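Participant: structure for this input, please:
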Amino acid sequence: MLTVTPAPALPGVSPLNGLTWSIPGLRDDPSLCLRCRAAQGLCGKPVCPILIKYDAFARTLPMLDGTELDGSCPPGVFVGRVGYPRVSIGPLVSPLHGDTLLYDTPEQWVGRSVQEVVGFRTGLVRGKHPVRVTDAEKPTRMIEEIQLLSRARESAEVDVKFSRPPRGHLSLSDSLPPYGPSAPLQQITLDVRRVDERVDRLASDTDALASVAVEELYTRRVPVSRIQRAFSAGTLGRRGRRKFVPTRWSITAVDDLLGKQNLDRVRLLPELSEILLWRLTALDNRWIVAFLPGTFRYESIEAWYPNTLWNPSPDRLVVMGDHEGFRGRTTYASIGGCYYAARLAVSEAQLRMGRQGGAVVLREVHPGEVLPLGVWNVREHVRAALSTPPLHVADLLELDARISETFVIPLDRWRSSSALLHEARTQRRLEQFAAD
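Facilitator: Numbering: from 1, shown residues only. Coordinates of the predicted model:
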């Protein structure tokens, strides 16, 4: 489902500092930037016009004068996607020494400010080493070092040598947390004091499918971000089939895979018989998660205010969403990785409850969302909301009232955009007929 809702100017919303955009097609399709998110070039421009406005910020990143750097790696490994199947891989290194684990652990970023998260990431220098994705199975010494780093449990001391000084560049993506300067990697020396034994054991198991390895790591309570790193570094899967996976793709692939595995169990649970509601405000995003009676269904809707990151229109509201029924979906969600990140959090909550039900995730994005922070923002904040006690809602009328008092965008816009809320109002369940 794709819903685009044009709207007149909202109260209190004005262009940022008088800045206007000239983006082909935006006037006719206000969802253009939201669908593209700087990844598809839908406007035809070689560089995303929205991200140009952050160029001045990128220039403030500290420049490194030399070609050598010693410091601490969180640990962090990045695999690019440009040129696939020829990509670049490398460590994310901080010039600081000591414990930098927080810098690459999104599970610990809830409650942090945008400035803190960006600060963690822009201090990481990315080394780039060209490889073919199939080189994961025939590693050189440098590849072996990077793969070892992907299995580390704590920060590792790193000495790296670049072929030129790192250049200041702020990478911004709706899928990935930001990161800072980069340079071609010439040499790397690691001091990995401790690997995660759970990841190391699965990396040594060349008979297990990657999907099986991911599920086992998850059941052993390995953080999702660590699983994504190992998956991306080509350390999981059967012999002959291991490959490097671009970090952007690995994040959504692991969220999707774990969500589907959880939902295979959720669909066997008894049905929820009441409406439950959770609310959260963080990073100028407002969230509502509602569980509805019945079998599992899922929907995620995002409403982007004018002059927010992926909606540069000065006066139009854009609402987009996707949903799936009991049997899941077979096509990629139009709102991208955020859909799968929230679905994973929802599936975890329903497993904890021991009940299946419909799930609606509503996200209202306000102008304070000034930088793309990655899909962790969705996964971890939906997780945070669902970790609190729910509000027991009497009926759909009360649910409407709760939505209205939480969001600025009028209720009828949410209703018209939601397949699950429409279904809840128009379809009666068998027990309702029995009660009559």
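Participant: now Cys33: how far from Leu42?
Facilitator: 8 Å (C-beta to C-beta, to the nearest Å). In this view, the C-beta of every residue, glycine as well, is placed from N, C-alpha and C.
Participant: show me which of those two is the more surrounded one.
Facilitator: Taking neighbours as other C-beta atoms under 10 Å, Cys33 and Leu42 compare with Cys33 leading, 26 against 19.
Participant: now for this protein, the helix or strand with the poorest mean pLDDT.
Facilitator: Scoring the helices and strands of the chain by mean pLDDT, DSSP states H and E places helix 55-59 at the bottom, with a mean of 45.
Participant: what element comes up after it heading to the C-terminus?
Facilitator: With elements assigned by DSSP states H and E, the helix or strand that comes after helix 55-59 is strand 68-73.
Participant: buried ones in that following strand?
Facilitator: 69, 71-73 (16 or more other C-beta atoms under 10 Å).
Participant: repeat for stretch 182-191
Facilitator: 182-183, 185, 188, 190.
Participant: show me which of the residues you listed is closest to Val375.
Facilitator: Set against Val375, the nearest of these by C-beta to C-beta is Ser182 (21.4 Å).
Participant: OK, contacts around the residue nearest to that closest one when sequence neighbours are not counted?
Facilitator: Leaving aside its chain neighbours, Ser182 sits nearest to Arg126 (4.0 Å; criterion: C-beta to C-beta, 6 or more residues apart in numbering). Arg126 sits next to 78, 90-93, 166, 171, 179-183 when contact means C-beta atoms under 8 Å, 6 or more residues apart in numbering.
Participant: highest neighbour count among those residues?
Facilitator: Val93 (29 neighbours).
Participant: so it sits in a strand?
Facilitator: Yes: counting by DSSP: H, G, I helix; E, B strand; the rest coil, Val93 is located in a strand.
Participant: how far away is it from Ala290?
Facilitator: Taking C-beta to C-beta, one finds Val93 at 43 Å from Ala290.
Participant: same question for Arg201.
Facilitator: 40 Å.
Participant: the more surrounded of the two?
Facilitator: Ala290 (26 against 16).
Participant: closest to Ala424 out of the contacts of Arg126?
Facilitator: For the contacts of Arg126, the residue nearest Ala424 by C-beta to C-beta is Ser171; the value is 40.9 Å.
Participant: hey, where'd the helices end up in the stretch 301-436 of the chain?
Facilitator: Per DSSP state H, counting those that start in this stretch, the stretch 301-436 of the chain carries helices over the ranges 337-353, 376-386, 396-406, 411-417, 419-426, 430-435.
Participant: quick check: domain ranges of this protein?
Facilitator: In terms of domains, the chain is parsed into 68-266, 275-435 (source: automatic domain parsing).
Participant: now those domains as CSV including mean pLDDT and distance to Ala38?
Facilitator: Formatted as CSV, the domains of the chain follow (pLDDT from 0 to 100; distance: least, C-beta to C-beta, whole Å):
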stretch, mean pLDDT, distance to Ala38
domain 68-266, 92, 7
domain 275-435, 91, 8
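Participant: figure out which of those is closest to Arg37.
Facilitator: Sorting the domains of the chain by C-beta to C-beta, the top spot, which is the nearest, belongs to domain 68-266 at 4.3 Å.
Participant: strands of this structure, start to end?
Facilitator: Using DSSP state E, the strands of the chain run over 68-73, 77-79, 86-93, 125-132, 156-162, 182-191, 275-282, 285-292, 297-304, 318-324, 358-365, 391-393.
Participant: Serialize those strands to a markdown table and add fields for distance to Ala341.
Facilitator: As requested, these are exported to a markdown table (distance: least, C-beta to C-beta, whole Å):
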| stretch | distance to Ala341 |
| --- | --- |
| strand 68-73 | 25 |
| strand 77-79 | 19 |
| strand 86-93 | 21 |
| strand 125-132 | 23 |
| strand 156-162 | 27 |
| strand 182-191 | 25 |
| strand 275-282 | 14 |
| strand 285-292 | 13 |
| strand 297-304 | 9 |
| strand 318-324 | 13 |
| strand 358-365 | 10 |
| strand 391-393 | 23 |
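Participant: which among these is found nearest to Phe231?
Facilitator: Of all the strands of the chain, strand 77-79 comes closest under C-beta to C-beta, at 9.9 Å.
Participant: neighbouring strands for that closest one, and are they parallel or not?
Facilitator: Using DSSP bridges, strand 77-79 pairs in its sheet with strand 86-93 (antiparallel).
Participant: and for the strand it pairs with, what are the contacting residues?
Facilitator: Residues contacting strand 86-93 (C-beta under 8 Å, 6+ apart): 69, 71-82, 103-104, 124-133, 143, 146, 149, 158, 160, 179, 182, 185, 188, 233, 244, 246.
Participant: give the contact list for the most centrally placed residue in the chain.
Facilitator: Nearest to the geometric centre of the chain sits Val375, at 1.4 Å (C-alpha atoms, centre = their mean). Neighbour list for Val375: 174-175, 251-252, 255, 336-338, 340-341 [criterion: C-beta under 8 Å, 6+ apart].
Participant: change it to 7 Å
Facilitator: Applying C-beta atoms under 7 Å, 6 or more residues apart in numbering to Val375 gives the contacts 175, 251, 337-338, 341.
Participant: would you point out the most distant pair within the residues you listed?
Facilitator: For the contacts of Val375, the maximum inter-member distance is 10.8 Å, found between Ile251 and Cys338 (C-beta to C-beta).
Participant: and for Met320, the neighbour number?
Facilitator: 26.
Participant: actually Pro139, sorry about that
Facilitator: The local packing of Pro139 (other C-beta under 10 Å) involves 17 other residues.
Participant: please apply the same query to Arg425.
Facilitator: Arg425 - counted by other C-beta under 10 Å - has 12 other residues nearby.
Participant: now Glu271
Facilitator: Neighbour count for Glu271, taken as other C-beta under 10 Å: 14.
Participant: quick one: residues contacting the spatially closest residue to Ser347 that is not a sequence neighbour.
Facilitator: In this structure, Ser347 finds its nearest non-sequential neighbour in Asn262, 3.6 Å apart by C-beta to C-beta, 6+ apart. Contacts for Asn262 (C-beta under 7 Å, 6+ apart) come out as 347-348, 351.
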